[in-house]
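Asks: just to be clear, the model below is a prediction. Sequence and coordinates:
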Amino acid sequence: MLGLICGALLIAFAAVFSQRLFTASRWYHKLHNPHSYPLPPSPPSQFFFGHTRVIPTRNPEKYYKKLSKKYNSDVLYFKQYRTPVIVLNSVKAANELLSKQGANYSSRPRFVLFEVMGWGLTLTFMPWSPLFKTHRALLQKSFTKSNIIQYQALQERSARRAILRIINSPSDWSSHLRSFASTIVQQIAFGVELSHDEDARVQRATSLANRVLAEGGSPGSTLIDNFPFLAKLPIWLVRSKALEHARNLGWIIRDLHDIPFAASRREFEAGTLRDDCFVSPLLEQFAEEKKQDKEGELSIPDINGAAATIFIAGFDTTYTTLLVGILAFLSHPPVFHKAREILERVIGTARLPSLSDRENPELRYLDYIVDEISRWRPLSPLGVPHKSVEDDVYDGMFIPKGATVYFNAWAMSRDEATYREPERFCPERYLEKGEGGWGEPVLQAPFGFGRRVCPGKYLAQASVWIALVTLIVTVDISNLVGGDGEEIKPEVEFSSGLSR
Ligand code: HEM
């Protein structure tokens, strides 16, 4: 009986409480949205969960694109538990908000799941703050178009070594490409050759890192991201696969942060660290400030976090782009043959291509291959989410403060008003109409927007260019042939997380 009374009281309390909440939230919106602009369109939601259980966990980008068409709106609104979510499905909306209103959309939501994995002070996940500005400035100035020229020799050397290894052991081609991608950013960030054991541990971590990035679901959108206190509870109580995954695979992130940085510090102390790597001047500055007993701008965890960001953000994205490139060549052989024909005609066969050849306008088709890889299969289909700092109005729709804002790079890459036959891998689409092309614009969305746009874009594109071009002139790429004489088409499945 007492239980029944308590239950009835509880229900009555909940009803009054939710009525109050409802009224309070209406007043809140009235106050902040005085002209009562409507929110962007959204499907029906559920009590407490909002749209959490409505949005598919696999390939939500495709669902958003469909909905955008259904509601005839490039901006959509959702609620994930308590958090407002905005999805931008067109280049125009992303440019208007994330780029032109950059100051309002340059923060990040909290990524609790990634915190559990042990990410250090990582620019990618930092909200807008003075610390963000310091880290962003450091990375941005290190990877400008002109500053990355100093890395060309490293990129060419690494590409040639990787292709030689592929020629010697073709069945391990993908691990040779992965070590190509990781060597470049590891050298640039930390400036060290690791000992055999350290290298084996880092190689193991890099080979598994994709699982951390790809299987964590859409970043910032899991149950744990919405209710951070759950991250402290035991798995049997929370029953979250994502949390279990973050706890079990956290060592990968920690190894990628700590092993190369410990080697850099060791070499720095011994005076043997290369001074053209990212951490060298920062360790120098830190040591100088310590000597003078001054509190510097950057701590050791800052330097470690910034260098690890370059390493982790840089190797997996570059490697996966190369894999997509190989896939494109396998499924569109004429592109591969045309690229080889152009390279042989322009450069000849007496020498290997180098990055300075990229300046040659006759080789523009090769750049367009790199651009088309990013459009054809954007690595982060929903990007890394931004966060709105203040309320805003766009195209007559209310965008609330604190919203998690995704840009749907996948929908932008399939916009049929811009890209004819979007499923086709076709570098010619970017050539001018007068040159026999389709005159379509290169898609910037795979690298993001506004003040959070990828600072490593130029470096990544140069690495991908030199690896693919060296591969094209030295190796034939084709599907295996089965016993029946037929080609075996690869079965490809993309994962659905931060990076594919
Ligand atoms: C093809 C390869 C790459 C792709 C497709 C890619 C894509 C992206 C995307 C979509 C973002 C989020 C942008 C936004 O929020 O608007 C991003 C951020 C970032 N990328 Fe890349 N990236 C690549 C390579 C690299 C490389 C080589 C580096 C390092 C040198 C790098 C470092 C970063 C960093 C540090 C951020 C965070 C920026 C911030 O939050 O302010 N990326 N990248």
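Replies: Arrived safely, thanks for sending.
Asks: the ligand versus residue 251, what's the distance?
Replies: 22 Å (C-beta to the nearest ligand atom, to the nearest Å). For the C-beta atoms, the positions are set from N, CA and C on the backbone; glycine is no exception.
Asks: need the phi and psi values for that residue.
Replies: Backbone geometry at residue 251, expressed as degrees, to the nearest 10, gives phi -60, psi -30.
Asks: residue numbers of this structure in contact with the ligand?
Replies: Applying C-beta under 6 Å from any ligand atom, we find that the chain lies next to the ligand at 123-124, 136, 139, 143, 185, 309-310, 313-314, 317-318, 321, 374, 379-380, 383-384, 386, 446-449, 452-456, 459-460.
Asks: in ChimeraX, select just the buried ones from these.
Replies: Entered in ChimeraX, the line below selects the buried ones among these, by 16 or more other C-beta atoms under 10 Å:
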select :123,124,136,139,143,185,309,310,313,314,317,318,321,374,379,380,383,384,386,446,447,448,449,452,454,455,456,459,460
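Asks: in strands, which of the residues of the chain next to the ligand fall?
Replies: residue 386 (DSSP state E).
Asks: of the residues of the chain next to the ligand, which belong to helices?
Replies: Mapping those onto helices (DSSP state H) picks out 136, 139, 185, 309-310, 313-314, 317-318, 321, 374, 459-460.
Asks: same list, the residues you listed, but as TSV with pLDDT please.
Replies: Formatted as TSV, these follow (pLDDT from 0 to 100):
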residue	pLDDT
136	97
139	96
185	96
309	95
310	96
313	92
314	94
317	94
318	97
321	97
374	98
459	98
460	98
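Asks: biggest separation within these, which pair?
Replies: Across those, no pair lies farther apart than 136 and 321, at 22.8 Å, counting by C-beta to C-beta.
Asks: what is the least confident helix or strand in the chain?
Replies: helix 2-32 (a mean of 45; mean pLDDT, DSSP states H and E).
Asks: list the buried ones in whichever helix or strand comes after that one?
Replies: Downstream of helix 2-32, the first helix or strand assigned by DSSP states H and E is helix 60-70. The neighbour-count criterion (16+ other C-beta under 10 Å) identifies 60-65, 67-68 as the buried residues of helix 60-70.
Asks: quick one, the helix or strand following helix 60-70 and helix 60-70 angle?
Replies: Going down the chain from helix 60-70, the next helix or strand is strand 75-80, by DSSP H and E. Counting by axes from the mean of the first three to the mean of the last three C-alpha atoms, to 10 degrees, strand 75-80 lies at 130 degrees to helix 60-70.
Asks: which other helices and strands contact strand 75-80?
Replies: helix 60-70, strand 83-88, strand 397-399 (3 or more C-beta pairs under 8 Å, 6 or more residues apart in numbering; DSSP states H and E).
Asks: now the angle from it to strand 83-88?
Replies: 150 degrees.
Asks: strand 75-80: how far from the chain's middle?
Replies: In terms of C-alpha atoms, centre = their mean, to the nearest Å, the centre of strand 75-80 is set 21 Å apart from its chain centre.
Asks: state the distance from residue 443 to the ligand.
Replies: Taken as C-beta to the nearest ligand atom, the span from residue 443 to the ligand is 11 Å.
Asks: what is the burial count for residue 437?
Replies: 17 (other C-beta atoms under 10 Å).
Asks: which residues does it contact?
Replies: 428-431 (C-beta atoms under 8 Å, 6 or more residues apart in numbering).
Asks: that one belongs to a strand?
Replies: No - applying DSSP: H, G, I helix; E, B strand; the rest coil, one finds residue 437 to be coil, outside a strand.
Asks: per-residue pLDDT, it?
Replies: We have a pLDDT of 93 for residue 437.
Asks: these two touch, right, residue 377 and residue 323?
Replies: No - with contact defined as C-beta atoms under 8 Å, residue 377 does not reach residue 323; the gap is 9.4 Å.
Asks: which one of these two has more residues nearby?
Replies: Ranked by neighbour count (other C-beta under 10 Å), residue 377 and residue 323 place residue 377 first, with 22 against 19.
Asks: once you drop chain neighbours, what's closest to the more buried one?
Replies: For residue 377, ignoring the flanking residues on the chain, the nearest one in space by C-beta to C-beta, 6 or more residues apart in numbering is residue 324 at 4.8 Å.
Asks: which one of the helices and strands packed on strand 75-80 lies nearest to residue 297?
Replies: Using C-beta to C-beta, the nearest of the helices and strands packed on strand 75-80 to residue 297 is strand 83-88, at 32.4 Å.
Asks: list the strands paired with that closest one, with their directions.
Replies: strand 75-80 (antiparallel), strand 404-407 (parallel) (DSSP bridges).
Asks: and those as JSON lines, adding mean pLDDT?
Replies: Shown next, in JSON lines, are the strands paired with strand 83-88 (pLDDT from 0 to 100):
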{"stretch": "strand 75-80", "mean pLDDT": "96"}
{"stretch": "strand 404-407", "mean pLDDT": "97"}
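Asks: tell me the most buried of those?
Replies: strand 404-407 (a mean of 27; mean count of other C-beta atoms under 10 Å).
Asks: let's see it as CSV, backbone CA atoms only.
Replies: Extracted in CSV, the C-alpha atoms of strand 404-407 (Å, rounded to 0.1, in the frame of the first residue of the first chain):
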residue,chain,number,x,y,z
THR,A,404,25.9,20.2,-31.7
VAL,A,405,26.3,21.1,-35.3
TYR,A,406,27.2,18.5,-37.9
PHE,A,407,28.0,19.2,-41.5
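Asks: and the contacts of it?
Replies: 64, 80, 83-88, 94, 97-98, 105, 109, 218, 220-221, 382-383, 385-388, 399, 445, 448-449.
Asks: repeat that for 7 Å
Replies: Contacts with strand 404-407, where a contact means C-beta atoms under 7 Å, 6 or more residues apart in numbering, come from 83, 85-88, 94, 98, 105, 109, 220, 382-383, 385-388, 445, 449.
Asks: packing partners for the next helix or strand after it?
Replies: For strand 404-407, the following helix or strand on the C-terminal side (DSSP H and E) is helix 409-413. Here helix 409-413 touches helix 60-70, going by 3 or more C-beta pairs under 7 Å, 6 or more residues apart in numbering; DSSP states H and E.
Asks: how far away from the center of its chain is the helix it packs on?
Replies: Between the centre of helix 60-70 and the centre of its chain there are 20 Å (C-alpha atoms, centre = their mean).
Asks: and what of stretch 430-437?
Replies: Between the centre of stretch 430-437 and the centre of its chain there are 30 Å (C-alpha atoms, centre = their mean).
Asks: and it, how far apart are its ends?
Replies: 6 Å (C-alpha to C-alpha, to the nearest Å).
Asks: quick one: low-confidence ranges for this structure?
Replies: 1-32, 34, 213-219, 491-500 (pLDDT under 70).
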